[in-house]
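Engineer: Sequence and predicted model, in that order:
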Amino acid sequence: MSIAVYIAVMAVVTYLIRMLPFTFFNKKIKSRFFRSFLHYIPYAVLSAMTIPAIFYSTGNMYTAIAGTVVALVLAFMEKPLIVVALAGSAAAFVCGIFVQ
């Protein structure tokens with residue numbers, strides 16, 4: 001198959017995923033439980049995609065744990081995202097130097 005077919009199929013699937021909720025939910029959702037459930041879906045999906053990537057990206061569990069702990073502590077202290085990302089990466093890098 002050509003790459004144009006792949007791109008077209010990907011565009012249709014992406015469009016359907018974004019269009020279907022608007023089609024099925026024309027009215028405001030009144031169920032407090034369901035609204036609360038939908039509120040947390042983006043956080044759950046982001047966590048499910050990010051956490052495995054963190055622990056398998058360095059190839060060493062100790063460096064991944066060090067970077068994660070530093071990032072979590074800085075995020076808990078409400079530091080800017082760039083500071084959290086750079087400090088977590090630096091912690092993983094420095095830990096990697098000492099582990100090997």
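Structural biologist: Yes, it's here.
Engineer: element containing Tyr56, please.
Structural biologist: Element membership of Tyr56 [criterion: DSSP states H and E] is helix 32-57.
Engineer: From the contact counts, what lies against that helix?
Structural biologist: Using 3 or more Cβ pairs under 8 Å, 6 or more residues apart in numbering; DSSP states H and E, the elements in contact with helix 32-57 are helix 61-76. All C-beta spots, glycine's among them, are computed from the backbone N, C-alpha and C.
Engineer: what about the helix holding Tyr56, average pLDDT?
Structural biologist: What helix 32-57 shows for mean pLDDT is 90.
Engineer: can you give me how far it is from the chain middle?
Structural biologist: Taking Cα atoms, centre = their mean, to the nearest Å, one finds helix 32-57 lying 7 Å from the centre of the chain it belongs to.
Engineer: can you check stretch 56-66 too?
Structural biologist: Distance of stretch 56-66 from the chain centroid (Cα atoms, centre = their mean) equals 17 Å.
Engineer: Fine, thanks again, bye for now.
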